[in-house]
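1. next input, structure requested:
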Amino acid sequence: MSDIVIDRQAAIDDQHLPSQAQLTQWVGDVLAGHPDDPRRELTIRFVDADESQTLNRDYRGKDKPTNVLSFPFENPPGMALPLLGDLVICHAVVAREAEEQHKTLAHHYAHMVIHGTLHLLGYDHMDDDEAEAMEQCERVLLAALGIADPYAT
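-> Next up is the predicted model:
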């Protein structure tokens, strides 16, 4: 999907962050399942634990860093912009989770980007039915990339 525009921002210096090509592939895989949605632009910002914690506290009321935060863009009335929103990903949390869960860092990043992009599209996991629908989308998308089910026990 060449029409995807990702503003990749790194507020940290780490050579282990996903490349622009990886981000475009993962986001493109999600958006391919939503061909009628014209929104194709987003920002993905990689941050440290302090910035993640501040944002998580200020926007979600949880005073700790988290793996990914999703901020969907809301079009002003009467304007149709192609903006999907922003993902903020904390490298320290993703790296720690990957190690704890015995996953490669790239596979866990793929999961976090796919998960966050689904949130930007309106998916949620606040109740069991929503969670199952969202997790099933993630499983299918990750399997197509050769990545194991992240929810398998």
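2. pull the number of nearby residues for Ile147.
-> Using other Cβ atoms under 10 Å, Ile147 is surrounded by 19 other residues. Just so you know, the C-beta spots here come from the backbone N, C-alpha and C atoms, and that holds for glycine as well.
3. wait, a strand at it?
-> No. Counting by DSSP: H, G, I helix; E, B strand; the rest coil, Ile147 is not part of a strand but coil.
4. please, which helix or strand holds the closest residue to it other than its chain neighbours?
-> What sits nearest to Ile147 in space, not counting adjacent residues and going by Cβ to Cβ, 6 or more residues apart in numbering, is His107, at 4.8 Å. Taking DSSP states H and E as the definition, one finds His107 inside helix 105-120.
5. buried residues, that helix. List them.
-> 105, 107-120 (16 or more other Cβ atoms under 10 Å).
6. swap in stretch 24-42?
-> Neighbour counts using 16+ other Cβ under 10 Å place Thr24, Gln25, Trp26, Val27, Gly28, Asp29, Val30, Leu31, Arg39, Arg40, Glu41, Leu42 of stretch 24-42 among the buried residues.
7. show me what that stretch is in contact with.
-> With contact meaning Cβ atoms under 8 Å, 6 or more residues apart in numbering, stretch 24-42 is reached by 1, 3-7, 18, 44, 73, 80-87, 110, 113-114, 117-118, 120-121, 137, 141, 144-145.
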